[in-house]
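Asks: Need coordinates for the following:
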Amino acid sequence: MDTPPVAKGLKTKQSRFIDEYMVDMNGAAAAERAGYSKKTSRAIACELLTKPDIQIELQARGAALARALAITREEVVLGLLEAFNLAKAQGQPGAMISAMTTLAKLLGFYAAESVRVELTPAQAAVRDRYEEMTDAELMAVVAGG
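Replies: Numbers count the residues shown, from 1 in each chain. Predicted coordinates for the structure are as follows:
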C-alpha cells in the first residue's frame, strides 16, 4: 500500500508518525522511526495520540486498510474469540488473557461510561448552595464546623 500524502493540518513528521504507527501500533517505536528523539519518544507518542487531527487520520487510515483487506469488525471479533478458545483448549492462560483484553478493547468495554443524574429541586438547591461557597466555607463544612 502506498504511503498516503500528508493530511491537511498535519506536519510532515506527524504524518510520518502515523505511517509508522500503522505498522505495529507501537507509539514509542513509531515516534522513533518518524524521527523523534528516542529519549522522549514515549511522551511524544502519548501527546501525538491524543491530538484530534491525528486520531481522525488514524481512524481514516484504519478504515481504508480494513476496506482494502476486505475484513470486517465481526471477522476480527470472531478471529479473536477463536484464538481465545484455542488458547483455552491448549491451557495457555497468558494467550487467553491477551485475546480477551484485545476483545474487550475492540468492543469498547474499557470506554468511560457517562451517567446522567437527575436532581430533585431540593437536591439542586443544595448543590447550588455548595457551588456558591468559597473554599474556606467548604473547608469549614468538611471540618464539621
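Asks: Flag every buried residue along stretch 44-63.
Replies: The neighbour-count check on stretch 44-63 (16 or more other Cβ atoms under 10 Å) flags 44-45, 48-49, 54, 57-58, 61 as buried. Bear in mind the C-beta positions are built from the backbone N, C-alpha and C, glycine included.
Asks: And the contacts of it?
Replies: 4, 7, 9-10, 14-15, 17-18, 21-22, 27-28, 30-31, 36-37 (Cβ atoms under 8 Å, 6 or more residues apart in numbering).
Asks: What subset of the residues you listed is buried?
Replies: Here, 16+ other Cβ under 10 Å leaves 10, 14-15, 17-18, 21-22, 27-28, 30-31, 36 buried among the contacts of stretch 44-63.
Asks: circling back to that earlier point, for the contacts of stretch 44-63, which one is nearest Ala111?
Replies: The closest of the contacts of stretch 44-63 to Ala111 turns out to be Gly27 (Cβ to Cβ; 19.2 Å).
Asks: residues touching the closest one, list them.
Replies: 21, 41-42, 45-46, 48-49.
Asks: and with 10 Å instead?
Replies: 17, 20-21, 41-49 (Cβ atoms under 10 Å, 6 or more residues apart in numbering).
Asks: now swap in Gln14 and tell me
Replies: By Cβ under 10 Å, 6+ apart, the neighbours of Gln14 are 6-7, 34, 36, 44, 48, 51, 53-54, 57.
Asks: Having no further points to raise, I will conclude here.
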